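In: here is my input, please return the structure:
(one chain, ligands or ions: 1)
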Amino acid sequence: SHYYLHLFESFWCPSIHVEAVENFQKHFQAKESDVIVASFPKSGTIWLKALTFAIVNHQRFSSLENHPLLTSNPHDLVPFLESVFGGNIQDHQIQLLDSKPDPRLFGTHTPFPYLPESIKESNCKIIYICRNPYDNFVSAWVYFNKIKPESLPAIPMDEAFELYCNGILDYGPWWSHMLGYWKESIAKPNKVLFIKYDDLTEDTNFQVKRIADFFGCSFTEEEEKNGTVENIIQLCSFEKMKDLAVNKSGKVGIAAVDKSKFFRKGETGDWVNHFSPSMIEKLSKIVEEKLQGSGLSFKNCP
Ligand code: A3P
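Out: Residues are numbered from 1 along each chain as shown. As a prediction, the model looks like this:
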């Protein structure tokens, strides 16, 4: 039953998250020191959660021995607000939030306009990861078939593509999702940092420093020389994270998804192995139509 989508004003909300989105809109009180890692699903959320945690805490956990990312899954260190507020929200959950040490880190897939007012109005910071729709589609399609209940038939790629082109998938349409955060990042660059997965893959070092600058915890020259930045990149790399025992078993979120399912290929451009010429033509038209005039564009895509 958690597979149907509920049209929540103007986005497709997974039915099991509807109550959570309403609850956290109503009850979440942001603090100025909070960090919100936002994304459209299958855009590299787990990678950005790991990097953000490591960067924001780089002075606290300066040694990589005993680093929390070696023993905790990024989704546990940076829980989704949709999970914290899912189900029967109890007072003790809210108290637990208050007792979390600063800075508190949370994740969310909720579109920008539906975030709690307290997040939008306070000086807390939002970091958003955006993936090109070609790779995002392939990742989402493979993932959906991996996590669907056995009782449901696998979704063929052409059907999934049709839905994707119409924006009908969890937290879709993807173009409004991206544009909501993109526009805010332009209007308020100190509040919202917009990161592209492709840029993060291409020059991780540069983007890691950009993230640290955004959070006001820039690396010192000494730290750049002694390998602090490179160590963080290695710690959060696909190869490293995928092989950690803590990311191989256990479940996450109210949908209880296997933690191992968040690691597949971790590449940019895998879409070329899946797209036919007609799919390319169709998606490129949608991208052009939906994003025109916004200034948002994607490298290495048709
Ligand atoms: P692929 O399916 O293309 O491999 P999300 O975390 O939003 O669910 O996104 C999952 C995607 O991010 C998957 O893409 C996954 O492999 C990729 N990913 C996960 N960890 C990563 C890492 N440390 N570095 C780069 N990509 C990563």
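In: buried set for stretch 278-287?
Out: If you call a residue buried by 16 or more other C-beta atoms under 10 Å, then stretch 278-287 has these buried ones: 279, 282-283, 286-287. For every residue, glycine as well, the C-beta is placed using N, CA and C.
In: in JSON lines, list the residues you listed along with pLDDT and distance to Phe40.
Out: Formatted as JSON lines, these follow (pLDDT from 0 to 100; distance: C-beta to C-beta, whole Å):
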{"residue": "Met279", "pLDDT": "98", "distance to Phe40": "19"}
{"residue": "Lys282", "pLDDT": "98", "distance to Phe40": "19"}
{"residue": "Leu283", "pLDDT": "98", "distance to Phe40": "15"}
{"residue": "Ile286", "pLDDT": "98", "distance to Phe40": "15"}
{"residue": "Val287", "pLDDT": "98", "distance to Phe40": "14"}
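In: so which two of these are the farthest from each other?
Out: Within these, two members stand farthest from each other by C-beta to C-beta: Met279 and Val287, at 12.2 Å.
In: low pLDDT regions in the stretch 201-302 of the chain?
Out: By pLDDT under 70, the stretch 201-302 of the chain has no low-scoring segment.
In: strands along that one, start to end?
Out: In the stretch 201-302 of the chain, the strands defined using DSSP state E, counting those that start in this stretch lie at 251-252, 257-258.
In: pass me the low-pLDDT residue ranges in the stretch 51-200 of the chain, would you?
Out: 87-93, 95.
In: show me which residues of it sit near the ligand.
Out: Residues of the stretch 51-200 of the chain found near the ligand (C-beta under 6 Å from any ligand atom) are 135, 139, 142.
In: just to be sure, the second one is in a strand?
Out: No. With DSSP: H, G, I helix; E, B strand; the rest coil as the criterion, Ser139 is located in helix rather than a strand.
In: the residue nearest to it when sequence neighbours are not counted in helix, strand or coil?
Out: Leaving aside its sequence neighbours, Ser139 sits nearest to Lys42 (C-beta to C-beta, 6 or more residues apart in numbering; 4.1 Å). For Lys42, the assignment made with three-state DSSP gives coil.
In: picking that back up, closest to Val37 out of the buried residues of stretch 278-287?
Out: Val287 (24.4 Å).
In: list the contacts of that closest one.
Out: Counting by C-beta atoms under 8 Å, 6 or more residues apart in numbering, Val287 makes contact with 133, 175, 298, 301.
In: rerun at 7 Å
Out: Pro133 (C-beta atoms under 7 Å, 6 or more residues apart in numbering).
In: please tell me how far it sits from Ser276.
Out: Applying C-beta to C-beta, to the nearest Å, the value for Val287 to Ser276 is 16 Å.
In: measure the residue nearest in space to the middle of the chain to Leu152 for me?
Out: By C-alpha atoms, centre = their mean, the chain has its centre lying nearest to Thr45, at 2.8 Å. Distance from Thr45 to Leu152, counting by C-beta to C-beta: 24 Å.
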